[in-house]
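Visitor: Quick one: sequence and predicted model below, then my questions.
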Amino acid sequence: MLVSNTKCTICGANKVTPNKSMYIYCDYCGSWMGYDMDAAGREAAKVFTVESMSNPKIVEYNKLNAVSVEHAKAKNKEEYINTRILIHEKEFELFPERHGPKGKQPAFRKKYLDYYRAMYQDMIDEDYFERTFINPPQISSEELKYTVENGVVKYEFDEAFFKYFDENLQIVKDSLERSKSYKSLELHPEYEVVKNSDLMYKITILTMIQGYGQDAAEPILKHLGMEDQMIEIPDVSVGKMNCVVCNAEMLVPEGSSHVMCVECGCKNEVSAGLISCPNCAASFNPIKENETCPYCSSKIEKPKSM
């Protein structure tokens with residue numbers, strides 16, 4: 001199987017089992033590896049249907065997004081940030097897979113919201129609202145050639161396409177360059193990964209590629225001189241074990257030390273009967289400790305369906 005070379009920044013392993021959420025976690029050490037925008041798109045399609053648009057939760061979510069844009073155009077930093085935090089709180093409920101399985105744990109959600117607030121404080125400088133909402137860069141897509149097959153857009157990867165891609169990529173590069181100085185990065189729940197700016201650039205490129213369809217990876221990576229990012233994943237012996245917290249079945253590749261449970265978001269230590277706290281990362285036995293971390297007192301939450 002030819003796939004994008006998404007390697008774990010902690011242990012160097014490749015992703016070998018199917019992914020079920022926007023966040024990709026390593027099959028061998030349980031560390032965050034990057035984003036799966038296809039999974040995010042599928043979830044959004046399920047949430048935003050014709051029937052659901054009158055749902056009070058969806059109506060409120062859409063209204064908050066509109067209000068945040070109004071605050072941005074008025075350059076009201078404080079109200080813009082407060083509204084964005086409310087939006088992110090709603091997203092944990094509306095899009096449970098958007099932040100991956102860890103997002104199902106209250107301690108992880110709190111860490112993410114604290115990070116978001118600090119990130120906006122860092123990100124919103126004197127020109128932020130101007131360049132993002134009032135006079136954003138104008139990139140024309142009129143010259144792009146494509147066909148639609150069974151509802152799927154297939155682009156023609158010609159000179160016009162790569163010009164369009166490069167212009168969008170430059171905006172991303174500028175944003176990543178600015179974010180290098182953000183102190184808020186230290187609060188990111190996956191800080192061990194996001195502190196590596198080169199890795200985040202690579203992850204961002206692979207994320208952008210997904211937006212152009214399955215056929216886009218090879219031509220875009222070749223255009224960028226990154227052909228080595230496409231590799232062949234060999235067959236791996238995969239076993240099974242049950243999550244210590246919720247008893248859900250997990251796929252465990254041979255040689256794995258930690259596996260992320262996609263049902264409850266707890267990182268299991270393979271065959272040890274322990275999990276890593278989603279807040280402080282300490283190892284403990286959730287059964288023995290009544291599902292409360294003895295080091296930071298964070299409460300582990302089981303999925304309501306369990």
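Guide: Right, received. Where do you want to start? Residues are numbered from 1 along each chain as shown.
Visitor: what bits of the chain have low per-residue confidence?
Guide: 1-6, 229-233, 304-306 (pLDDT under 70).
Visitor: Now do the strands in it.
Guide: Using DSSP state E, the strands of the chain run over residues 2-4, 23-25, 32-35, 146-149, 152-155, 230-232, 238-242, 249-253, 258-260, 267-269, 274-276, 283-284.
Visitor: can you put those strands in JSON lines and add mean neighbour count and distance to residue 110?
Guide: Glycine gets a C-beta too; all of them are placed from N, C-alpha and C. Converted to JSON lines, these look like this (neighbours: other C-beta atoms under 10 Å; distance: least, C-beta to C-beta, whole Å):
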{"stretch": "strand 2-4", "mean neighbour count": "14", "distance to residue 110": "32"}
{"stretch": "strand 23-25", "mean neighbour count": "24", "distance to residue 110": "17"}
{"stretch": "strand 32-35", "mean neighbour count": "24", "distance to residue 110": "17"}
{"stretch": "strand 146-149", "mean neighbour count": "10", "distance to residue 110": "42"}
{"stretch": "strand 152-155", "mean neighbour count": "14", "distance to residue 110": "38"}
{"stretch": "strand 230-232", "mean neighbour count": "12", "distance to residue 110": "37"}
{"stretch": "strand 238-242", "mean neighbour count": "12", "distance to residue 110": "27"}
{"stretch": "strand 249-253", "mean neighbour count": "17", "distance to residue 110": "25"}
{"stretch": "strand 258-260", "mean neighbour count": "24", "distance to residue 110": "19"}
{"stretch": "strand 267-269", "mean neighbour count": "22", "distance to residue 110": "17"}
{"stretch": "strand 274-276", "mean neighbour count": "21", "distance to residue 110": "17"}
{"stretch": "strand 283-284", "mean neighbour count": "16", "distance to residue 110": "19"}
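Visitor: And the ones you listed: which comes nearest residue 130?
Guide: Between residue 130 and the strands of the chain, the tightest spacing by C-beta to C-beta is seen for strand 32-35, at 27.9 Å.
Visitor: List the contacts of that closest one.
Guide: Strand 32-35 is contacted by residues 6-9, 15, 22-26, 100, 190, 193, 203, 206-207 when judged by C-beta atoms under 8 Å, 6 or more residues apart in numbering.
Visitor: ok so, going back, turn the strands of the chain into TSV, including distance to residue 218.
Guide: Shown next, in TSV, are the strands of the chain (distance: least, C-beta to C-beta, whole Å):
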stretch	distance to residue 218
strand 2-4	8
strand 23-25	20
strand 32-35	18
strand 146-149	17
strand 152-155	13
strand 230-232	6
strand 238-242	27
strand 249-253	26
strand 258-260	29
strand 267-269	33
strand 274-276	37
strand 283-284	41
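Visitor: All set now, cheers.
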